[in-house]
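Trainee: Please find the sequence and the predicted model below.
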Amino acid sequence: MRFVWVGALLLVIASVASLISNSQSGRLIEESWTPASHVLSETQLRELEQSTPAYAAQIFARLPEPIREKFASRTWQSLELMIFRSLLLWHITPALLIAVIAGSLEGRWARANQKALVKMHSPMRFSLALTGLGFMPILALLWITAPVAVPPTLLVFTVGVVVVISTRNLVVHAPTRF
């Protein structure tokens, strides 16, 4: 399992490196605004538009002067894109919490209605459910650092489906006392 987590971390690092080395981060920022307007209201979108450069400036202000001069020109737009996607993820988190609640309720219902089935703890499915829920932050980080334009609705749908299924399996296959 450690190799899977190390592989996921290396994938995130490679994604960040690809985003920084790619000179099209400005185009990705422009392509990210349109799908974000379908998810957020106009006022929230304007807030993000104003706060993203301010957050990027704060991060660069904390770096030492030689590093700032050397890397600021190459990483500024990439950092703005990652900050924008992070703030957008922060605003769509309630939709993901609703998916967790829905999966929990569906899992409780399925477990309560297993009268005809043998109530048995499945360690493998329980472990897979925990792993699925554990990969949600990695999936979110991959979306934040992706060197391509991925709509936030696709992220919410994908993460929502995996969260509902994983939470349901977590509840249904949880260890029980006899």
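Mentor: Cool, the structure landed.

Trainee: Need the residues that contact the worst-scoring helix or strand of the chain on mean pLDDT.
Mentor: Sorting the helices and strands of the chain by mean pLDDT, DSSP states H and E puts helix 25-39 at the bottom, at a mean of 72. Residues from elsewhere that reach helix 25-39 (CB atoms under 8 Å, 6 or more residues apart in numbering): 19, 45, 48-49, 77-78, 80-81, 84-85, 88, 91-92, 147-149, 151-153, 156. C-betas here are computed from N, CA, C, even on glycine.

Trainee: Quick one: neighbours of residue 22, just the number.
Mentor: By the criterion of other CB atoms under 10 Å, residue 22 has 14 neighbours.

Trainee: pretty sure it contacts residue 148?
Mentor: No - taking CB atoms under 8 Å as the definition, residue 22 is not a contact partner of residue 148, at 9.4 Å.

Trainee: on that earlier part again, can I get the CA coordinates of the least confident helix or strand of the chain in CSV?
Mentor: Presented in CSV, the C-alpha positions along helix 25-39 are these (Å, rounded to 0.1, in the frame of the first residue of the first chain):
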residue,chain,number,x,y,z
SER,A,25,-0.6,28.2,-17.9
GLY,A,26,-2.2,31.5,-18.9
ARG,A,27,-4.4,29.8,-21.5
LEU,A,28,-5.4,27.2,-18.8
ILE,A,29,-6.4,30.1,-16.5
GLU,A,30,-8.6,31.6,-19.2
GLU,A,31,-10.1,28.2,-20.0
SER,A,32,-10.8,27.5,-16.3
TRP,A,33,-12.9,30.7,-15.8
THR,A,34,-15.7,29.6,-18.2
PRO,A,35,-16.5,26.2,-16.5
ALA,A,36,-16.2,27.9,-13.1
SER,A,37,-19.0,30.3,-14.1
HIS,A,38,-21.3,27.3,-14.4
VAL,A,39,-20.5,26.2,-10.8
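
Trainee: Nice, that's everything, thank you.
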